[in-house]
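[1] Predicted model and sequence below, questions to follow.
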Amino acid sequence: MRGIATALVIGAILAPAVPARAADVPVDLELVLAVDVSGSMDMEERELQRAGYMAALVHPEVLHAIAAGPLGRIAVTLVEWAGGTVQTVAVPWRLVDSTASAEAFVKELAGAPMLRQRGTSISAALLFSAELFTDSGFEGLRKVIDVSGDGPNNSGPPVLPARDAVLARGIEINGLPIMLRPSAGFGGISNLDLYYEDCVIGGPGAFVVPVHNLDHMAEAVRRKLVLEIAGAPPEVVPAQIRREPRIDCMIGEHLRRQWEGGG
C-alpha cells in the first residue's frame, strides 16, 4: 500500500502545470525557499539559517540582482519542512521588487514561529514546493526551488522519483547542504554535498553551495540567491550531466532502518 500511495502522490506532480492566468503577475523568477527545520537541526543552526535568508534578501547584491532582471522583480515564498507530512508556509508568495518590499518580506519572516519537527523528507518538501507554483499568482520566466538541509532523505517518498517529477514540470532545484557539524541522531552523513549533487538538485544550471562554517552561513545564502536570481552559470558545484549517482540515494532510509533495528 505504501508503494501505491507513493506512486499516486508523485504521479499527481507529474500532471502538466496549470497555464498562466491573465491575472498572474509576470516576474523574472518564482522562487521557493524550502528550509529544513527537522530535529537534527539544533537551535543555533535554525537561527543562523533563518538569519542568513533574512540578511540575504535585503543585501545590496541581492537587490541589485533583482533590479538587473528584464522585469526587475521576483516572487518569493518560504516553506519550512521536516518529515513526510510536515511542510508549513512561513511566508506566502510575495512580490519583491524594491528595498521596501524585501524588508517587508524579512519582517514577516522574523515574526513567523520557528518550528522544529521530526523526520527529514526532502522528497515531500520538493513535491509540496512544486505545487505552490500552481496558484502563486505570478508567472515567472523561471521557476526555482532552493532547498536547504543538514541530512539525507529518510522519510516520505524516495527522493529520486520526487526530484524527477518536479524537474518534469520545468522547475529547477538548487541545494544548500548544511555541513556545519555531524548531524544529530541517526541520519548524518559526511558527504552531504555529494548527496545533494547526485540525488537532489537538477535542471539547467542547477548547483549546490555547501555551508561548512557557522560564520559563512549568511554569505553562502546570499551567494546562492544572487546566482539564482541572476540565472548566471555558477562558479560553485554545478549539476553534472545526468548519470548514475555516485552515492546511494536511499542512504537516509537505510540509516533509519538500522536505527530502528530493522537491519
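    Right, received. Where do you want to start?
[2] Tell me the bridge partners for P177.
    G149 (DSSP bridges).
[3] and it, what is it in contact with?
    S148, G149, D150, L192, D193, Y195, Y196, V208, P210, V211 (C-beta atoms under 8 Å, 6 or more residues apart in numbering). Placement of C-beta: from N, CA and C, glycine included.
[4] buried subset of those?
    S148, G149, D150, L192, D193, Y195, Y196, V208, P210, V211 (16 or more other C-beta atoms under 10 Å).
[5] Could you let me know which of those residues ends up closest to L31?
    S148 (12.9 Å; C-beta to C-beta).
[6] Per-residue confidence at that closest one, what does it come out as?
    With respect to pLDDT, S148 has a value of 93.
[7] G175 is in contact with that one, correct?
    Yes - using C-beta atoms under 8 Å, S148 is in contact with G175, at 7.3 Å.
[8] re earlier: where strands are concerned, which of the buried ones among the contacts of P177 count?
    S148, G149, V208 (DSSP state E).
[9] Looking at the residues you listed, which one is closest to A68?
    V208 (23.6 Å).
[10] show me the contacts for the closest residue to the closest one other than its chain neighbours.
    Spatial nearest neighbour of V208, excluding adjacent residues (C-beta to C-beta, 6 or more residues apart in numbering): G175 at 4.2 Å. Residues in contact with G175 (C-beta under 8 Å, 6+ apart) are D146, V147, S148, G149, Y196, E197, V200, I201, F207, V208, V209.
[11] Surely G175 is within a helix?
    No - counting by DSSP: H, G, I helix; E, B strand; the rest coil, one finds G175 to be strand, located in no helix.
[12] Just the pLDDT for it.
    96.
[13] same check, this time on the one 10 residues further on
    Each residue has a pLDDT score; the one for G185 is 54.
[14] Repeat that for G188.
    71.
[15] Quickly note the distance from it to L71.
    Distance, G188 to L71, using C-beta to C-beta, to the nearest Å: 41 Å.
[16] which one of the two has more residues nearby?
    Taking neighbours as other C-beta atoms under 10 Å, G188 and L71 compare with G188 leading, 17 against 14.
[17] Let me know the secondary structure of E219.
    helix.
[18] need the contact list for it.
    So E219 contacts nothing (C-beta under 8 Å, 6+ apart).
[19] separation between it and M179?
    For E219, the distance to M179 - C-beta to C-beta - is 15 Å.
[20] Same question for V208.
    Taken as C-beta to C-beta, the span from V208 to M179 is 11 Å.
[21] got it, and E45?
    From E45 over to M179 (counting by C-beta to C-beta), the distance is 11 Å.
[22] what is in contact with those two at once?
    D150.
[23] Please say which of those two ends up with more neighbours.
    Shown here are E45 and M179; by other C-beta under 10 Å, E45 has more neighbours (21 against 18).
[24] overlap in contacts of V208 and M179?
    D193.
[25] Spit out the contact partners of the residue positioned nearest the centre of the chain.
    Most central in the chain under C-alpha atoms, centre = their mean is V147, positioned 1.6 Å from the mean C-alpha point. Residues in contact with V147 (C-beta under 8 Å, 6+ apart) are A34, D36, I122, A125, L126, S129, I173, N174, G175, L176, V200.
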